[in-house]
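Peer 1: Got a predicted model here, sequence first, then my questions.
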Amino acid sequence: MTFPTGLRALNHADFRRFFGAQTLSQVGSWMQSVAQSWLVLQLTDSPFRLGLLGTLQWGPILLFSLVSGTVVDRRSKRRLLMATNMTFAGHALALALLIWTGHAAYWQLALLATVSGLANTIDQPARQTLVMALVGKEDVINAVALNSAAFNAARVVGPAVAGLLIGQVGVAPAFLLNSLFFLVVVTALWSLDEPAAPARRRDTTILEEIGEGVAYAVRTPRVRLILGLLFVVGVTVYNFVVYVPLLARTVLGLGAQGFGFLMAALGVGAVTGALTIGARRSVTPSPAFLLAAGALACGGLLGLGASRHLWLTVPLLALTGFFGIIMVAACNTALQLEAPDELRGRVLSLYTWAFGGTFPIGVLLVGAISERWSVSTALLAAGTFGLAALALLAWWWRRRAGTLRGQ
């Protein structure tokens, strides 16, 4: 069977298996994200602690992602991913057992989130580079877009299922199902043909190899621009695990099922955006395209900060998800195509650092502002800062282009 152009990456059998397992796991991860956010609010009723949990879960990326990129360039991506997914499965199972035995406490959630964050520093660059190994450069844009579409389709299904589960039987089943789904991913990874082993580097240390990756990014203006864009949206836009439950609970007066519905609306927009990118041919996105998508996503935050009605919040979440995923997926594919093969793990670890590593900063700021004032104030502040930072990046890029023309 041959898949149409918009699904062409699925013509690779190993990618099909990996993609199917990852999609199932992402549904479980979104179920767990919703359940965990709701559990924190039940235990603490604190927006700041909700943001702090995100900081603990994503903080290791900020600290260790440069090292993890070097590890990924040296080791088997398949085996690294099997180890990280076993860790995630254990995390989810531990939470389910703690809840069922009545011993769940905030400090335990914080400790497990930190362990999961450490595993995530390896998982993200390893997963990105494995995709390239499975499909090759010709189909990597479509593969990244399909992964983004699956991730955000899971954002629709996972929260909706989680909302129903929480309303009917509590939060523990969401964690248990997620643990089982991660084991499906491990099984799929076991069945893949091992990608070509990375070349051994006996003449350089890990620190020297990290330096090679950073030096490449510094001397490549397009890579610098992409990393700057990812930093801005990572700090401002992608703090939905704090924004959305607080919007549901404090602004719109909704319960767990309403929270799941809002997350589903966000996911619908993001799926549409990912499929839009996936339909494009293998053309590297222009800086203007990336800047415009980022600006529209930040504009969505301003609208959400002003909204007080469900009928307005739902489409604004969908539009924010649409433009946010377009920018992030386009940045990912641009880096995949730009990076030399021998540096890809390290370059994608910079992607992880600039995007995922900024998440702990963003969620902590959003949680603190929301607790001191309100989530609406936090959204307005994030949108304003994001637009100002994007304008500065656009000015730098145009000034650089003008300088090059004048030489």
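Peer 2: On my side now, so go ahead.
Peer 1: residue ranges of the helices in the stretch 151-300 of the chain, please?
Peer 2: Applying DSSP state H, counting those that start in this stretch to the stretch 151-300 of the chain gives helices spanning 172-191, 206-219, 221-236, 240-246, 256-278, 287-306.
Peer 1: Report the contact partners of R49.
Peer 2: Counting by CB atoms under 8 Å, 6 or more residues apart in numbering, R49 makes contact with 40, 106, 367. Any C-beta I mention is one placed from the backbone N, CA and C, and that applies to glycine too.
Peer 1: Would you mind checking those for buried ones?
Peer 2: Buried members of the contacts of R49, counted by 16 or more other CB atoms under 10 Å: 40, 367.
Peer 1: Filter the contacts of R49 down to the ones in strands?
Peer 2: Among the contacts of R49, none falls in strands (DSSP state E).
Peer 1: Reformat the contacts of R49 as JSON lines; add pLDDT and distance to W395.
Peer 2: Below are the contacts of R49 laid out as JSON lines (pLDDT from 0 to 100; distance: CB to CB, whole Å):
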{"residue": "V40", "pLDDT": "85", "distance to W395": "40"}
{"residue": "Y106", "pLDDT": "88", "distance to W395": "43"}
{"residue": "G367", "pLDDT": "78", "distance to W395": "31"}
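Peer 1: With respect to D123, which of the contacts of R49 is nearest?
Peer 2: V40 (22.6 Å; CB to CB).
Peer 1: Would you check that the closest one makes contact with L109?
Peer 2: Yes. With contact defined as CB atoms under 8 Å, V40 reaches L109; the gap is 6.6 Å.
Peer 1: Quick check: neighbours shared by those two?
Peer 2: With CB under 8 Å, 6+ apart, V40 and L109 have common neighbours L53.
Peer 1: which residues does A110 contact?
Peer 2: With CB under 8 Å, 6+ apart, A110 has these contacts: 52-53, 56.
Peer 1: most neighbours, which of the residues you listed?
Peer 2: L53 (27 neighbours; other CB atoms under 10 Å).
Peer 1: mind checking pLDDT for that one?
Peer 2: For L53, the model assigns a pLDDT of 81.
Peer 1: my guess is it meets L39, correct?
Peer 2: No. Applying CB under 8 Å, one finds L53 not in contact with L39, separated by 9.8 Å.
Peer 1: Can you pull the residues that touch both of the two?
Peer 2: L109.
Peer 1: rewinding a little: single out the most deeply packed of the helices of the stretch 151-300 of the chain.
Peer 2: For the helices of the stretch 151-300 of the chain, ranked by mean neighbour count under the definition mean count of other CB atoms under 10 Å, the leader is helix 240-246 at a mean of 25.
Peer 1: what sits up against that one?
Peer 2: In contact with helix 240-246 (CB under 8 Å, 6+ apart) are residues 33, 37-38, 41, 47, 50-51, 54, 259, 262-263, 266, 304, 317, 363, 366-367, 370, 375, 378-379.
Peer 1: Export only the CA atoms of that helix, formatted as PDB.
Peer 2: Below are the C-alpha coordinates for helix 240-246, written out as PDB (Å, rounded to 0.1, in the frame of the first residue of the first chain):
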ATOM      1  CA  PHE A 240      -1.100  25.600  28.600                       C
ATOM      2  CA  VAL A 241      -0.800  23.200  31.500                       C
ATOM      3  CA  VAL A 242      -1.100  26.300  33.700                       C
ATOM      4  CA  TYR A 243      -3.200  28.600  31.500                       C
ATOM      5  CA  VAL A 244      -6.000  26.300  30.700                       C
ATOM      6  CA  PRO A 245      -7.000  24.800  34.100                       C
ATOM      7  CA  LEU A 246      -6.900  28.200  35.600                       C
END
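Peer 1: just use 3 as the starting number from now, easier for me
Peer 2: Sure, I'll start counting at 3 from here, so that last one is helix 242-248.
Peer 1: Rounded mean pLDDT for that helix, please.
Peer 2: Mean predicted lDDT for helix 242-248 stands at 78.
Peer 1: Could you give the number of residues near S31?
Peer 2: When neighbours are counted by other CB under 10 Å, S31 registers 20.
Peer 1: same check, this time on T86
Peer 2: 24.
Peer 1: hang on, it packs against T123?
Peer 2: No. The pair T86 / T123 is not scored as a contact, 9.0 Å apart, by CB under 8 Å.
Peer 1: which residues are in contact with both of those two?
Peer 2: Joint contacts of T86 and T123 (CB under 8 Å, 6+ apart) do not exist.
Peer 1: doesn't F184 make contact with N87?
Peer 2: Yes. Between N87 and F184 a contact is recorded at 4.9 Å, counting by CB under 8 Å.
Peer 1: what residues do these two have in common as contacts?
Peer 2: By CB under 8 Å, 6+ apart, the residues touching both N87 and F184 are S27.
Peer 1: list the contacts for V234?
Peer 2: 296, 300, 388, 391-392, 395.
Peer 1: Switch the contacts of A112 over to JSON lines; also include secondary structure and distance to A190.
Peer 2: Listed next are the contacts of A112 as JSON lines, based on DSSP: H, G, I helix; E, B strand; the rest coil; distance: CB to CB, whole Å:
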{"residue": "L54", "secondary structure": "helix", "distance to A190": "34"}
{"residue": "L55", "secondary structure": "helix", "distance to A190": "29"}
{"residue": "L58", "secondary structure": "helix", "distance to A190": "29"}
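Peer 1: show me what contacts the residue nearest the centre of the chain?
Peer 2: The chain has G358 as the residue nearest its centroid, 6.4 Å off, counting by CA atoms, centre = their mean. By CB under 8 Å, 6+ apart, G358 lies in contact with 60, 63, 67, 122, 126, 236.
Peer 1: what do you get if the cut-off is 6 Å, keeping everything else the same?
Peer 2: 60, 63 (CB atoms under 6 Å, 6 or more residues apart in numbering).
Peer 1: Low-confidence bits of the stretch 153-302 of the chain, can you list those?
Peer 2: Judged by pLDDT under 70, the stretch 153-302 of the chain has its weakly predicted residues at 154, 157-158, 161, 196-206, 208, 258, 280-286.
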